[in-house]
Each structure stands twice: as C-alpha cells, then as structure tokens.
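**Q** Below is the sequence, then the predicted model.
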Amino acid sequence: MLTAAGMANAYADEPQAVTGYVAMSSNYVGRGLAQSVGEPSLLAELNYIDGDGFYAGVSAASINWIDQLYPGNSVSIEVDGWLGYRRSFADDWLFKGGVLRLQFPGHYAPQDPPVARPDTTELFASIGWRMVSAKLNYAVTDSFGTPDSRGSWYFDVSASLPLGTDWSAGAHIGRKQGRGRHPITGVSHGQSSYTDYKVSLTRYFPKALSVDLAYARTNANPSLYTLNDYNVAGNHVWMMLQKSF
C-alpha cells in the first residue's frame, strides 16, 4: 500500500534494473487512510525492473493501526511483495498486471470474538499514458481481515506533472469499494466504501534526495475509521524525506 512506489527511479539518467528508496514520513497514508495513525513512519522499497517483461518488488513500512484496533497486539510493520508483468506499446503507453501480497507480521493476541489477520492478496492491472495512470486492485482473499469480503476492490487514477527540473506536482483520486456481508451481523461491507483524494508537491535535491509535501482526505464515515479519537480517514497533511537509489 506504499504511496511512494514508483518514485525511486526519478533521478536515473539511464534505466536501472534495481531501484529503491528509504524514507521517513511524518505520517504514512495509503489509500487515503493513515496507516501509522498520525505517527512518524519509516519506509523502504526495492524493485527489480529490466524493461518489458516480468518484474518484482518488496516494500516495508512501520504502522500503528492494528495495535490500536486490537488490544494486546504487537504488529508494527507492513510488508508488501509483488510480482508482475509489464509491456510498453505505442511509445507513450504502459500496461502492468500482477499479484500483490500485503503481509502484517507480528504477535496477534486472542480477541473475543475472534478476528482474522489482515493479510491480503490482490490482483492488479494498470494502464498508463505518459504521466497519467489508472489502476485496479481486486482482493482474491478477505480484504484486510474483513470476513467474507472477497471481491472488494480499489481503483485509482494518478497524475504527475514535472515543474522544471527540481519540482513536480501530483494528483490522485481513488475509490475503495467493499463487497460482501458480515457472516454474523449481515451488515453490508459497502458501508465502509469511500472515495479518497490526494495532492502533492515534490522538491528534488542533489544526491537523489527529495522532500514531499502532501494532503489527503476521504469521504469515509468517521464512525467506521476512528481509532482512539483519531480519524484515520480524515484530513491529513504530511511531509516525507526520501533517499532514492
């Protein structure tokens, strides 16, 4: 769910097979939700991309939402891995498709009633044209521990605009759609659906350093996304310092 993915090669003069970054953020926001619940987060990502064909990557980030949602847990990291296939065509177009696994390792304390781990597998496909891309993620397992939620999806459109050599601006809109019903209560998971928006400004510095300033918000129901009086789906402003390689 890492939001800085794809920026690691922003400085490269020539294509590189292996790229990545390490970053420190004042808040880790993914799909419009504050995964670190307003706390600072460390992030890292590593990609192998060698032109068209198969590619792979792994990322990690520190999080807080699971520990705050379920007392007694000690789950402070999210680890994502993906394997995909990419193909460029007609000069400016790029297609990607593959599988994404989101893993949340750590200690899970017994809960009453029992709850499932949030580990999730998604299939994804995206199409990009120049600086604009659209992507669909489709859950083939229960989505983030929500029972009977297979088929939930997240769709987003993102754009990046270079502003000279040292600056760029970004914009994003996404839609999270819950599917299925709770097996005990019968409540529709569609109640947790929302649309999220994000704008960002990036300043590039020598030695592959960059600083991002970003703002995100959603129209999610606050009663479903509030942890200890903090609305993880609310309005968020954060900064991130990133070192790419």
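**A** Perfect, I can see it now.
**Q** Read off the pLDDT value for residue 107.
**A** pLDDT recorded at residue 107 is 97.
**Q** Burial check on the closest residue to it other than its chain neighbours, number of neighbours?
**A** Computed as Cβ to Cβ, 6 or more residues apart in numbering, the closest residue to residue 107 that is not its neighbour in sequence is residue 74, at 4.2 Å. Where you see a C-beta, it was placed from the backbone N, CA and C, and this is true even at glycine. Neighbour count of residue 74, defined by other Cβ atoms under 10 Å: 10.
**Q** How about residue 184?
**A** There are 9 residues near residue 184, going by other Cβ under 10 Å.
**Q** same deal with residue 45?
**A** The number of residues packed near residue 45 is 23, by other Cβ under 10 Å.
**Q** any idea which helix or strand carries it?
**A** strand 41-48 (DSSP states H and E).
**Q** Equivalent analysis for residue 157, please.
**A** Using DSSP H and E, the element containing residue 157 is strand 153-163.
**Q** Can you list the strands that that strand pairs with?
**A** strand 132-139 (antiparallel), strand 167-177 (antiparallel) (DSSP bridges).
**Q** Show me which parts of the first one are buried, residue by residue.
**A** What it means is strand 132-139. Residues of strand 132-139 classed as buried under the neighbour-count rule (16 or more other Cβ atoms under 10 Å) are 133, 135-139.
**Q** still on that earlier bit, next, the contact list for the residue nearest to residue 107, please.
**A** By Cβ atoms under 8 Å, 6 or more residues apart in numbering, the residues touching residue 74 are 67, 106-107.
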